[in-house]
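Chemist: no sequence on this one, just coordinates:
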C-alpha cells in the first residue's frame with residue numbers, strides 16, 4: 001500500500017503557475033504590491049499574496065514569441081511561465097508590463113486606460129495574450145522579469161503547484177489596484193511591515209509567500225533585490241520530525257532562506 005501511495009504521488013500532475021513581486025522604491029524603503037485573495041478562491045483564500053495564478057492554455061501559444069522582448073534563450077515552457085506572470089499582473093492589479101511594438105518604454109497610463117476593456121475580457125476568460133498583443137500592437141516585456149524563486153507544493157497536498165516567482169519594477173505611472181473578483185483588497189507594503197503583520201496575526205501570509213517576503217526584506221532596494229534574481233534553486237518543502245518527535249515543514253538549507261523548520265499542528 002505504501003508503494004502504491006508513493007507511485008500515486010509521483011504521478012500526481014503539477015499545475016503550472018506564475019506569480020509576480022511588483023516592487024518600487026520609496027523614501028522610507030522598498031514596497032511590494034500584494035493582494036488579498038477572495039474567500040471563494042480554491043487556493044490561499046483570504047490570504048495576503050503576490051498577484052499570480054495558473055498558466056493558461058493561451059499563454060502557451062508558440063506565436064507569442066514574436067510579441068515578446070526577452071524571449072531569446074527561453075524554451076516554450078519558460079516562455080509560458082513569464083507570459084502568464086505578465087497576464088496575471090494585468091488581470092489582478094492592472095499593471096501591464098508591456099510596450100508599444102518597437103518602443104523602449106512601458107505603455108503610458110493614458111494608453112493603459114484605453115486598454116481597460118481588455119482587462120475585463122481577461123477576467124471573464126474571453127481573451128488571450130496573442131489576441132491582446134495583435135489588437136493593441138504590444139510587445140510583452142519579458143526582459144523586465146527577474147527570476148526570483150521556484151517552489152513546488154509538497155507531495156502530501158491534494159493539489160500541487162509548480163510555481164515560478166518573478167520580480168518586476170513597477171511602471172511609474174500605472175495605478176496598481178485589485179480586480180475585485182479574485183482579489184478583494186490590495187496594498188503597497190514594506191516587507192518588514194508585512195512580516196510584522198503576519199507575526200501579529202493581523203494578516204495571513206502562507207508559508208512560501210512569507211519566506212519570499214522575508215528574503216525581500218533583506219534587500220536595501222529594488223536594484224539590490226534584482227541582484228538576487230537568477231540564483232534560483234527549486235524548493236519542494238518536506239516533512240520531518242524534530243528531536244521531540246513533532247512534525248515540521250522544512251526546506252533544504254541551501255535554497256537561500258536559511259534553516260527553515262515550521263511546526264505543523266494536528267499532524268502526527
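Modeler: Sure thing, it's come through. Because the structure is a prediction, the values reported are computed rather than measured. Numbering: from 1, shown residues only.
Chemist: how about the strands in the stretch 51-200 of the chain?
Modeler: 52-54, 68-69, 98-100, 138-141, 146-152, 161-169, 183-189 (DSSP state E, counting those that start in this stretch).
Chemist: Mind giving me the packing neighbours of the last one?
Modeler: In terms of contacts (3 or more C-beta pairs under 8 Å, 6 or more residues apart in numbering; DSSP states H and E), strand 183-189 is packed against strand 29-37, helix 76-93. From N, CA and C alone the C-beta is placed, and that goes for glycine too.
Chemist: Compare the mean pLDDT across the ones you listed and name the weakest.
Modeler: Ranked by mean pLDDT, the helices and strands packed on strand 183-189 end with strand 29-37 at the bottom, a mean of 90.
Chemist: could you say what helices and strands that strand packs with?
Modeler: strand 15-26, strand 48-49, helix 76-93, strand 183-189, helix 191-200, helix 207-217.
Chemist: In contact with residue 232, which residues are there?
Modeler: Shown in contact with residue 232 (C-beta atoms under 8 Å, 6 or more residues apart in numbering): 147, 148, 149, 150.
Chemist: Residue ranges in the stretch 51-200 of the chain under the pLDDT threshold?
Modeler: Along the stretch 51-200 of the chain, segments meeting pLDDT under 70 span 175-184.
Chemist: distance between the ends of stretch 253-261?
Modeler: Taking C-alpha to C-alpha, to the nearest Å, the first and last residues of stretch 253-261 lie 10 Å apart.
Chemist: and it, how far from the chain's centre?
Modeler: When C-alpha coordinates are averaged (C-alpha atoms, centre = their mean, to the nearest Å), stretch 253-261 and its chain have centres 20 Å apart.
Chemist: Please apply the same query to stretch 216-223.
Modeler: In terms of C-alpha atoms, centre = their mean, the centre of stretch 216-223 is set 17 Å apart from its chain centre.
Chemist: still on that earlier bit, save the strands of the stretch 51-200 of the chain as TSV, and put in distance to residue 84 and mean neighbour count too.
Modeler: Below are the strands of the stretch 51-200 of the chain laid out as TSV (distance: least, C-beta to C-beta, whole Å; neighbours: other C-beta atoms under 10 Å):
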stretch	distance to residue 84	mean neighbour count
strand 52-54	7	20
strand 68-69	12	20
strand 98-100	14	21
strand 138-141	11	22
strand 146-152	13	20
strand 161-169	9	23
strand 183-189	16	17
